[in-house]
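**Student:** Would you be able to build a 3D model of this:
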Amino acid sequence: MRLRIDWRCWSVGLYWDHGLVGLDLGPVGISWLARHKLPIRSWMLFERTIGKANLHLDVDSYCWRLGYMRAAAWDHGFYLGPISLQIEWNIDPIDLRPINARGHYDQQH
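**Tutor:** This is a model prediction of the structure:
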């Protein structure tokens, strides 16, 4: 069992992932190893890139939280049960220009 304090986490809830089970109570978190592998299911309902920000709405069967969590300075999540809105900053937009045989972008005028 592991006890941690994480000031980036302001959520209350239960989660499991890859044999680890955790409970968040604000910035205080407790995690332990699961005896059995627990099912993990995730669905992305919506995704939109606006400039260098990427937003996506997810439903995760393995994450039941209420509140806010910052995984990194550029990665924020707002949780309401199994539904989460993820906001990631400084994401480079996908360049859809065709690439030629030499691996360079084709110039389009």
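
**Student:** what pairs with the residue positioned nearest the centre of the chain across the strands?
**Tutor:** Central residue of the chain (Cα atoms, centre = their mean): residue 86, 5.8 Å from the mean position. Residue 86 has these beta-bridge partners by DSSP bridges: residue 56, residue 77.

**Student:** Show the contacting residues for it.
**Tutor:** Residue 86 sits next to 54-58, 75-77 when contact means Cβ atoms under 8 Å, 6 or more residues apart in numbering. Every C-beta, even on glycine, is put in place using the N, C-alpha and C of the backbone.

**Student:** Now the buried members of those.
**Tutor:** Buried members of the contacts of residue 86, scored by 16 or more other Cβ atoms under 10 Å, are 54, 58, 75-77.

**Student:** hang on, the earlier thing: which of the contacts of residue 86 sit farthest apart?
**Tutor:** Using Cβ to Cβ, the pair of the contacts of residue 86 lying farthest apart is 57 and 75, separated by 15.1 Å.

**Student:** Which pLDDT value belongs to the residue nearest to the centre of the chain?
**Tutor:** Here, the pLDDT recorded for residue 86 equals 95.

**Student:** What are the boundaries of the strands in this protein?
**Tutor:** For the chain, applying DSSP state E gives strands covering 2-5, 9-17, 20-26, 28-33, 42-50, 53-60, 63-72, 75-81, 83-88.
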